[in-house]
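**Student:** pasting the structure only:
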Ligand SMILES: Cc1cc2nc3c(=O)[nH]c(=O)nc-3n(C[C@H](O)[C@H](O)[C@H](O)COP(=O)(O)OP(=O)(O)OC[C@H]3O[C@@H](n4cnc5c(N)ncnc54)[C@H](O)[C@@H]3O)c2cc1C
């Protein structure tokens, strides 16, 4: 570009060539409109200063042959270096050329040119070089992961080996306990005899603990619940016989150092599950009971269950708070929640049990969620010594909370004390049999509210008339209607508050014992409520005497045996009796 400018500078043309035909003054003028460069130049000259602004291309003589050179030389010799509009001859500059000729912003660097291709031939590395490289690679510091990689591979391999071994030998080894359940109905699971205590000559307390119990507890399995009666089946592997036993929701928490008696605790939380106690009677002719009571501590036995013997029927109160579980101290037994009055009352029961036949009742009343109603218990036993003192204490606590009433009928050859017809009560209708009872109890509750409100209004009317009498000094007859209106408007709030929150419930009882003594018994209702359902449990002869012989010889295992004995005399029937043999 610079060369081109120099080439085009007219003053640089030699003076002797100016008149010659080789001189090309006209050629110095571009005919084409190189307006861009011109404007640019003019702008630049404008920027240069006011002195230069006056001198533009337009001021220059159009034809330099007409003495323009002198003028140019005279006034602005520098302007001669400017390329003025060529008049003709030279063609206009190609704009694409100009861009190519423009100075590049980034300098060309062949190294960064990614498109370049090299045809250089690299000689293969010599063995020495290769060896050096290899050594350098080895000497390079390794990352943490690279260092750990061999150990990780070995660990992975070991784990895979153990898993494969366990998987392959799982089914082949029946002694390996892979089941995570505490109990299973369809499979015998291993339990350990964790405690054994002789209660009397023929009664034993045996505590069973699920093998590897801690591992099995993660599933939060709840076995004990007062909504059902259940037993477990224990297998004797040698002669392959199975017998049922009733687990009690208790475990041995310690041993009294003096009496060597076990200290029993109730199973209250899920973390305490997986342990229970059995009370087993040993029969001299009994194959199984002899085998079971002869087991030593930490011996393994196979248990299956739970075998549900009876499920408590549905009651609308089941939707409300449960009755709190019994406790080892009387003061720590929580009071019953206040159940709504417009729902049918809980059912009351009577339990006739003999010997180990009392154990289902103990399971029911000492489990979490015990039955809400009252249970009258007739317990026939041969000797008081067959009952553990701690269980007797618990029975006493249950009585003090108004949940049960125990009648101990201790009977032996010297002093017989059998269950007689006088002790057997007649059945009453259940409080709940279906939706109709629900509507009935709501209606009864409404009637009760109306009665109470009426009594309140009458009281207020009486009070109002008395105050009027005292005001006027003489007895004036007050319009009955007017009093009713005022008393209604005044009493509505107080009456409703009275009914919703009975006066005696403002003081909250601290324990079930307090609740029973001060609130329930205070009502003057000391008689035991009549039962609507009866349980009979014990030896075959006992059941037969009390309620007739059960007959479970059918596919559904439904008791179809006719009702007999003492209960039949009192009007009990198959619908309100459960016989547990
Ligand atoms: C649901 C259910 C729960 C049970 N819970 C317990 C429990 O918690 N504790 C417990 O000790 N037993 C319980 N039993 C009874 C138990 O299953 C066995 O029947 C009992 O241990 C006797 O078995 P055995 O093999 O030693 O006697 P068997 O060989 O069956 O009988 C031998 C003899 O023992 C006597 N005998 C057997 N059973 C009784 C009995 N129940 N009453 C009176 N005499 C009998 C009879 O004279 C009989 O001829 C329960 C039974 C059932 C069905």
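**Tutor:** Cool, got the structure. What you see is a predicted model, and the numbers here were worked out from it, not measured in a lab.

**Student:** quick one, domains of this structure?
**Tutor:** 2-101, 189-311, 316-432+527-580, 435-504 (automatic domain parsing).

**Student:** end to end on the longest one, go ahead and measure it.
**Tutor:** Read that as domain 316-432+527-580. Taking C-alpha to C-alpha, to the nearest Å, domain 316-432+527-580 runs 26 Å from one end to the other.

**Student:** what number of residues lie near the residue of the stretch 351-500 of the chain found nearest the ligand?
**Tutor:** The nearest approach of the stretch 351-500 of the chain to the ligand comes at residue 356, 3.9 Å away (C-beta to the nearest ligand atom). Heads up, the C-betas are built off the backbone N, CA and C, glycines and all. Close neighbours of residue 356, defined as other C-beta atoms under 10 Å, add up to 20.

**Student:** next, format the domains of the chain as TSV and append distance to residue 108 and mean pLDDT.
**Tutor:** As requested, the domains of the chain are exported to TSV (distance: least, C-beta to C-beta, whole Å; pLDDT from 0 to 100):
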stretch	distance to residue 108	mean pLDDT
domain 2-101	13	50
domain 189-311	73	92
domain 316-432+527-580	89	91
domain 435-504	97	61
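
**Student:** could you export those as CSV, including distance to residue 154?
**Tutor:** Putting these into CSV (distance: least, C-beta to C-beta, whole Å) gives the following:
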stretch, distance to residue 154
domain 2-101, 67
domain 189-311, 28
domain 316-432+527-580, 50
domain 435-504, 69
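
**Student:** tell me how many other residues surround the closest residue to the ligand within the chain.
**Tutor:** Here the residue of the chain nearest the ligand is residue 286; by C-beta to the nearest ligand atom that distance is 2.2 Å. The number of residues packed near residue 286 is 15, by other C-beta under 10 Å.

**Student:** quick check: the residue of the stretch 351-500 of the chain closest to the ligand is in a helix.
**Tutor:** Yes: counting by DSSP: H, G, I helix; E, B strand; the rest coil, residue 356 is part of a helix.

**Student:** any buried residues in whichever strand or helix holds residue 453, and which?
**Tutor:** Using DSSP states H and E, the element containing residue 453 is helix 435-472. By neighbour count on 16 or more other C-beta atoms under 10 Å, the buried set for helix 435-472 is 437, 441, 449, 453, 456-457, 460-461, 464-465.

**Student:** list the buried residues of stretch 301-314.
**Tutor:** 301, 303-306, 309, 312.

**Student:** contacts for it, please.
**Tutor:** 183-193, 208, 223, 226-235, 237, 242, 244, 247, 292, 295, 360, 371, 535, 578, 580 (C-beta atoms under 8 Å, 6 or more residues apart in numbering).

**Student:** so how far is that stretch from its chain's centroid?
**Tutor:** 26 Å (C-alpha atoms, centre = their mean, to the nearest Å).

**Student:** now look at it and say if it contacts the ligand.
**Tutor:** Yes: counting by C-beta under 6 Å from any ligand atom, contacts between stretch 301-314 and the ligand involve residue 309.

**Student:** these two touch, right, residue 367 and residue 226?
**Tutor:** Yes: with contact defined as C-beta atoms under 8 Å, residue 367 reaches residue 226; the gap is 4.4 Å.

**Student:** ok, these two, which is more surrounded?
**Tutor:** Taking other C-beta under 10 Å, residue 367 and residue 226 do not tie; residue 367 has more neighbours (26 against 20).

**Student:** report the contact partners of that one.
**Tutor:** Shown in contact with residue 367 (C-beta under 8 Å, 6+ apart): 224-226, 249, 267, 325.

**Student:** next, find the distance separating it from residue 305.
**Tutor:** 14 Å (C-beta to C-beta, to the nearest Å).

**Student:** middle-most residue in this structure, spatially?
**Tutor:** When C-alpha atoms, centre = their mean is applied to the chain, the residue found nearest the centroid is residue 220 (11.4 Å).
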